[in-house]
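In: Let's see this in three dimensions:
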Amino acid sequence: MSKVTMAKSHLIGLVGDEDTCTAFLLGGIGELNDKREPNFLVVKKDTTIGDIESNLKRLLARKDIGIILINQHIANDVRHIIEAHTAPIPALLEIPSKEHPYDPSKDSILRRAKGMFNIDDMR
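Out: Below you'll find the model as predicted:
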């Protein structure tokens, strides 16, 4: 069993479309680390899947990030990275966007969580 230790505080990372990032940045989650790397990626129409993959991997490797939020329609493009991520921290959470509603059947983290419980345990 892995032991999880928490620092005093962790940041929220974000990979999202312009509307999602604007909302969260206005809420105050935007930060730069010592290397001047942001804790977010604004995905635009011309953002390549390679850029999304490299930035998501960079966020996953950062020790100061505790949760990464990613729009589900963007997560679908980098599903292989999300499926391969098994560490508890940073937690990866898929969220809806204004233009793309949330589909629980596509959420790999939710599927993993459902697999941990038996319906008989809930009675």
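In: Settle this for me: residue 31 is touching residue 39, isn't it.
Out: Yes - between residue 31 and residue 39 there is a contact at 4.9 Å, judged by C-beta atoms under 8 Å. (Each C-beta comes from the backbone N, C-alpha and C, glycine too.)
In: which residues do those two both contact?
Out: Common neighbours of residue 31 and residue 39 are listed as residue 11 (criterion: C-beta atoms under 8 Å, 6 or more residues apart in numbering).
In: more neighbours, those two?
Out: The neighbour comparison of residue 31 against residue 39 (other C-beta atoms under 10 Å) goes to residue 39, with 19 against 14.
In: Enumerate every residue touching the more buried one.
Out: 11-14, 29-33, 59, 62, 64-65.
In: Please list only the buried members of the residues you listed.
Out: The neighbour-count criterion (16 or more other C-beta atoms under 10 Å) marks 11-14, 29, 59, 62, 65 among the contacts of residue 39 as buried.
In: of the residues you listed, closest to residue 73?
Out: Checking the buried ones among the contacts of residue 39 against residue 73 by C-beta to C-beta gives residue 14 as the nearest, at 14.3 Å.
In: returning to that earlier point: what about the contacts of residue 39, which are in helices?
Out: residue 59 (DSSP state H).
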